[in-house]
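> sequence first, then the predicted structure, then my questions.
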Amino acid sequence: MRRFLRPLALSATYSRWLHLLVPGAGVSVWLFISMDTPWMPLLFAVPAGLVPAMRLAEGVQAQYLLTPGERGRPEAAIATASSATWWDRWRTVAWLEVRLLLAAVAGFATVSLPATAVVLVRASLGSESGDQWLARGIEAGWWCANLVTAAARQLLGPSPMERMTALEVRTEQLLERNRIARELHDSIGHALTIAVVQAGAARTANDPVFTARALAAIEETGRHALDDLERVLRVLRESESSVSSRPTLAEADRLLDSARDSGAVIDAEVSGPLTLVPRPVSREGYRILQESLTNVLRHAGSVPVRVRIGVADGRLELEVVNPISQSVRGPGSGSGLRGIRERAALLGGSAKAGRYGRNWMVRVSLPLDRIP
């Protein structure tokens with residue numbers, strides 16, 4: 001007996017039962033008008049289901065009452081969107097027909113509630129027949145509630161196009177999260193590397209003038225890092241905010257001066273009009289250059305660095321070369337180089353990094369007219 005009474009302790013039982021009884025209100029109004037045509041609500045359901053907004057209304061109601069645990073989730077089995085195709089419209093029509101038929105069954109069960117009360121009394125007095133009828137009634141009601149939920153998932157569920165759209169949105173969200181992670185890694189990592197190098201040099205220099213210059217460089221680098229951090233946080237807070245404020249290669253001098261202040265000897269050469277570089281390519285090129293210089297300072301220290309930035313033949317060529325220091329601390333986690341390759345791949349370009357003789361070289365080539 002406990003097995004049959006267990007559904008009565010679930011809130012979903014009552015919300016689903018309420019969902020079954022809602023269409024009964026409209027049907028009862030029609031029966032008050034004409035008792036001779038009880039089948040007319042089934043006919044009215046056809047044009048009503050063909051209205052695109054009907055699918056949205058039914059989906060919202062079904063989510064709230066049939067599957068409240070999935071409410072608002074992107075992977076919900078019941079869609080909350082208007083009909084976009086005729087297939088969705090006819091599925092909505094079929095759903096309305098099924099819902100009306102099940103509502104008739106639920107209405108009949110509701111009318112028989114007084115008889116159910118009698119059965120409950122007889123069951124409490126130990127009547128075996130009452131116990132059997134009560135168990136059958138509860139089981140039939142639970143079966144009906146599960147049936148309407150299954151029908152809603154099939155007839156109001158997302159179409160293949162909607163599932164593909166949801167998958168694309170999810171993919172875009174993951175790509176955006178990865179991009180933001182790279183932004184934070186490149187910007188904050190560069191600032192911390194500059195600060196560590198400058199602080200270490202100032203501690204060992206024993207020169208007040210050099211120490212003052214190092215502290216000024218740390219302050220300026222930290223201020224720029226805070227600006228970059230604010231840009232990234234603004235993107236997180238405002239999903240529709242513009243990315244035009246992100247730094248581009250036009251501000252590459254800031255990176256080069258920052259590396260020079262840390263003791264590196266930078267030999268920079270820029271050829272070609274950087275103004276012709278599309279902003280997405282220029283922004284990613286700036287981050288690639290930033291990560292390359294950060295890797296030089298982190299792993300090789302204050303060494304001569306050759307930087308070449310060129311625009312020719314419809315491509316942006318970027319090259320950073322530095323001698324390999326004898327006191328290299330290790331290859332690191334590799335996340336910086338992986339980020340460089342990911343940025344280049346997203347723009348349809350290529351990135352190579354590795355040892356060339358006694359030097360370490362990062363070479364990146366990005367197309368200017370083919371942005372995926």
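Noted; the coordinates are in hand.

> starting at the chain centroid, how far to the strand or helix carrying G24?
Element membership of G24 [criterion: DSSP states H and E] is helix 11-33. From the chain centre to the centre of helix 11-33 is a distance of 38 Å (C-alpha atoms, centre = their mean, to the nearest Å).

> after that helix comes which helix or strand?
According to DSSP H and E, the helix or strand after helix 11-33 is helix 40-50.

> for that next one, buried residues please.
The neighbour-count check on helix 40-50 (16 or more other C-beta atoms under 10 Å) flags P41, A45, G49 as buried. In this view, the C-beta of every residue, glycine as well, is placed from N, C-alpha and C.

> just name whatever secondary elements that helix is in contact with.
helix 11-33, helix 86-111 (3 or more C-beta pairs under 8 Å, 6 or more residues apart in numbering; DSSP states H and E).

> right, and those helices - which one's nearest P280?
helix 86-111 (36.0 Å; C-beta to C-beta).

> list the buried residues of that closest one.
Buried, per 16+ other C-beta under 10 Å, within helix 86-111: 88-89, 91-93, 95-100, 102-104, 106-107, 109.

> where along the stretch 201-350 of the chain do the strands fall?
If DSSP state E, counting those that start in this stretch is used as the criterion, the strands of the stretch 201-350 of the chain fall at 265-271, 304-312, 315-323, 350-356.

> following the last one, which helix or strand comes up?
Moving toward the C-terminus from strand 350-356, the first helix or strand encountered (DSSP H and E) is strand 359-367.

> and the average pLDDT for that following strand is what?
The average pLDDT within strand 359-367 is 92.

> cool, and stretch 272-290?
On average, stretch 272-290 scores 86.

> now stretch 71-82
79.

> just for the stretch 251-372 of the chain, where's the confidence low?
Residues of the stretch 251-372 of the chain meeting the criterion pLDDT under 70: 326-335, 370-372.

> let's see that with 90 instead.
Residues of the stretch 251-372 of the chain meeting the criterion pLDDT under 90: 251-266, 271-288, 290-303, 312-314, 323-349, 353-358, 368-372.

> kindly export stretch 182-200 (C-alpha atoms) in CSV.
The C-alpha coordinates for stretch 182-200 follow below in CSV (Å, rounded to 0.1, in the frame of the first residue of the first chain):
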residue,chain,number,x,y,z
ARG,A,182,43.6,34.2,-22.4
GLU,A,183,43.1,37.9,-22.0
LEU,A,184,43.6,37.6,-18.2
HIS,A,185,46.6,35.3,-18.6
ASP,A,186,48.4,37.5,-21.1
SER,A,187,47.7,40.9,-19.5
ILE,A,188,48.1,40.0,-15.8
GLY,A,189,50.9,37.6,-16.5
HIS,A,190,52.8,40.3,-18.4
ALA,A,191,52.4,42.8,-15.7
LEU,A,192,53.4,40.4,-12.9
THR,A,193,56.5,39.3,-14.9
ILE,A,194,57.6,43.0,-15.4
ALA,A,195,57.0,43.7,-11.7
VAL,A,196,59.0,40.7,-10.6
VAL,A,197,61.9,41.4,-12.9
GLN,A,198,62.0,45.1,-12.0
ALA,A,199,61.8,44.4,-8.3
GLY,A,200,64.6,41.8,-8.5
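
> can you tell me what sits against it?
Applying C-beta atoms under 8 Å, 6 or more residues apart in numbering, the contact partners of stretch 182-200 are 214-215, 217-218, 221-222, 224-225, 228-229, 231-232, 246, 255, 258-259, 261-263, 287, 290-291, 293-294, 297-298, 301-302, 335-336, 339, 342-343.

> thinking again about what came up before, would you mind extracting the C-alpha trace of the helix holding G24 into CSV?
Provided in CSV are the C-alpha atoms of helix 11-33 (Å, rounded to 0.1, in the frame of the first residue of the first chain):
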residue,chain,number,x,y,z
SER,A,11,4.8,18.1,-5.3
ALA,A,12,5.1,17.2,-8.9
THR,A,13,2.0,15.0,-8.6
TYR,A,14,-0.2,18.0,-7.7
SER,A,15,1.4,20.4,-10.2
ARG,A,16,0.9,17.8,-13.0
TRP,A,17,-2.6,17.2,-11.9
LEU,A,18,-3.3,20.9,-12.0
HIS,A,19,-1.9,21.0,-15.5
LEU,A,20,-4.3,18.3,-16.5
LEU,A,21,-7.3,20.2,-15.1
VAL,A,22,-6.5,23.6,-16.7
PRO,A,23,-8.0,22.8,-20.2
GLY,A,24,-11.2,21.6,-18.4
ALA,A,25,-12.1,25.2,-17.7
GLY,A,26,-12.3,26.0,-21.4
VAL,A,27,-14.1,22.8,-22.2
SER,A,28,-16.7,23.4,-19.4
VAL,A,29,-17.5,26.8,-20.9
TRP,A,30,-18.2,25.2,-24.3
LEU,A,31,-20.3,22.5,-22.7
PHE,A,32,-22.4,25.2,-21.0
ILE,A,33,-23.0,26.6,-24.5
